[in-house]
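Asks: Only the shape, not the letters, is given here:
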């Protein structure tokens, strides 16, 4: 996404800024979407980044590449968005997390199935509570928030291999504790 636009005085040059927007917008949305995996949220993040650039144009020092500044701003906004999403998710109690895993809407409504599903939901809840916190968080980010391994790794500050390891351990624990249900 980096271009060769460097030190430019665009403090009053709206035309220049429009050209910058036109040149970088689609690339920036694509870049943000690599983190968020949500096209609409990515467009919003990019809009915010350009707004920040415009609002701070008089105090920013662009001795370096404007594109690099924009990339850094977008990356930080994406990571903040992921962090906020994770915090919201972590505030859900474990029963709600278990319900999300089961996707209760797809379950049959007959009473015997409902009882079995409640028991299964309880077992999932218990298993999630037994997991180490980091393992549970990584697992739920992947399964419920549908984040990719690289997204989780970037958010948690660990390697993709660590994410793979934690998810495989979480799945093994679920298989073991839910063997009678599978």
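Replies: Received the coordinates, thanks. None of these values were measured; they are calculated from a predicted model.
Asks: okay, and for the chain, where does confidence drop off?
Replies: 1-13, 61-65, 89-118, 181-182 (pLDDT under 70).
Asks: one more time with 50
Replies: Counting by pLDDT under 50, the chain contains low-confidence residues at 2-8, 11, 103-112.
Asks: Centre-most residue in this structure?
Replies: residue 82 (4.0 Å; Cα atoms, centre = their mean).
Asks: does residue 52 belong to a helix or a strand, and which?
Replies: helix 39-55 (DSSP states H and E).
Asks: Residue 76 too?
Replies: helix 66-90.
Asks: From the contact counts, what lies against that helix?
Replies: helix 14-36, helix 39-55, helix 133-143, helix 149-156 (3 or more Cβ pairs under 8 Å, 6 or more residues apart in numbering; DSSP states H and E). Yep, even glycine has a C-beta here, placed from its N, CA and C like the rest.
Asks: now residue 45: how far from residue 120?
Replies: Between residue 45 and residue 120 the computed distance is 38 Å (Cβ to Cβ, to the nearest Å).
Asks: Flag every buried residue along stretch 24-35.
Replies: 24, 27, 28, 29, 31, 32, 33, 35 (16 or more other Cβ atoms under 10 Å).
Asks: Stretch 162-179 now?
Replies: 162, 163, 166, 167, 170, 173, 174, 177.
Asks: can I see the domain layout of this structure?
Replies: 14-88, 92-181 (automatic domain parsing).
Asks: hang on, isn't the residue nearest to the centre of the chain packed against residue 35?
Replies: Yes. Between residue 82 and residue 35 a contact is recorded at 6.7 Å, counting by Cβ atoms under 8 Å.
Asks: shared neighbours of the two, which are they?
Replies: 151, 154 (Cβ atoms under 8 Å, 6 or more residues apart in numbering).
Asks: which ones are touching residue 42?
Replies: Neighbouring residues of residue 42 by Cβ under 8 Å, 6+ apart: 29, 30, 32, 33, 35, 36, 78.
Asks: Can you name the two of those residues that sit furthest apart?
Replies: 30 and 78 (12.1 Å; Cβ to Cβ).
Asks: before we move on, back to that, out of the helices and strands packed on helix 66-90, which is closest to residue 88?
Replies: Set against residue 88 and scored by Cβ to Cβ, the helices and strands packed on helix 66-90 come closest in helix 133-143, at 11.9 Å.
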